[in-house]
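**Q** how would this look folded up:
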Amino acid sequence: MSQIQPQKLIAGANAPLPTDHISIRILSQNAVDCAAYRLTTDGKVRGDGDMIFYGQTRSMMAV
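**A** Numbers count the residues shown, from 1 in each chain. All right, here's what the predicted structure looks like:
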C-alpha cells in the first residue's frame, strides 16, 4: 500500500497525479468552485464525460 502524499496548491496551479485511483479532499474557509478534468495520455480531454464539476462524486466515464 502506498503512502498518502498530500499536496498544497495555490489558485490556478496544477500538479501531476498517480495513474491509479486517487481521492481528493478540498478544505477551505471560503466558498470554492472546483472542477477536475480527466486527461488522456496525450493530455487531452475526450469530451463532456471527462469533466467533473461541483457536486459530482466521480467522472461519468469512470471505469
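
**Q** can you give me the strands for the chain?
**A** Secondary structure of the chain (DSSP state E): strands located at 35-37, 51-53.

**Q** May I see the buried residues of the last one?
**A** Of the residues in strand 51-53, 51, 52 count as buried by neighbour count, 16 or more other C-beta atoms under 10 Å. From N, CA and C alone the C-beta is placed, and that goes for glycine too.

**Q** Could you spell out the sheet neighbours of it, each with its direction?
**A** strand 35-37 (antiparallel) (DSSP bridges).

**Q** that older thread, save the strands of the chain as CSV, and put in distance to residue 7 and mean pLDDT too.
**A** Below are the strands of the chain laid out as CSV (distance: least, C-beta to C-beta, whole Å; pLDDT from 0 to 100):
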stretch, distance to residue 7, mean pLDDT
strand 35-37, 14, 82
strand 51-53, 18, 82
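
**Q** Those into TSV, with extra columns for distance to residue 22?
**A** Output for those, formatted as TSV (distance: least, C-beta to C-beta, whole Å):
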stretch	distance to residue 22
strand 35-37	10
strand 51-53	12
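
**Q** wait, which of those is closest to residue 17?
**A** Closest approach to residue 17 among the strands of the chain is made by strand 35-37 (9.8 Å; C-beta to C-beta).

**Q** coming back round to it: out of the strands of the chain, which is closest to residue 11?
**A** strand 35-37 (12.9 Å).

**Q** contacts for the closest one?
**A** Under the criterion C-beta atoms under 8 Å, 6 or more residues apart in numbering, residues 24, 45, 50, 51, 52, 53, 54 lie in contact with strand 35-37.

**Q** chain center to it, what's the gap?
**A** In terms of C-alpha atoms, centre = their mean, to the nearest Å, the centre of strand 35-37 is found 5 Å from the chain centre.

**Q** coming back round to it: right, and the strands of the chain - which one's nearest residue 15?
**A** Of these, nearest to residue 15 by C-beta to C-beta is strand 35-37, at 12.1 Å.

**Q** How many neighbouring residues does the closest residue to residue 52 other than its chain neighbours have?
**A** Nearest non-adjacent residue to residue 52, counting by C-beta to C-beta, 6 or more residues apart in numbering: residue 36, 4.3 Å away. Residue 36 has 13 neighbours, counted by other C-beta atoms under 10 Å.
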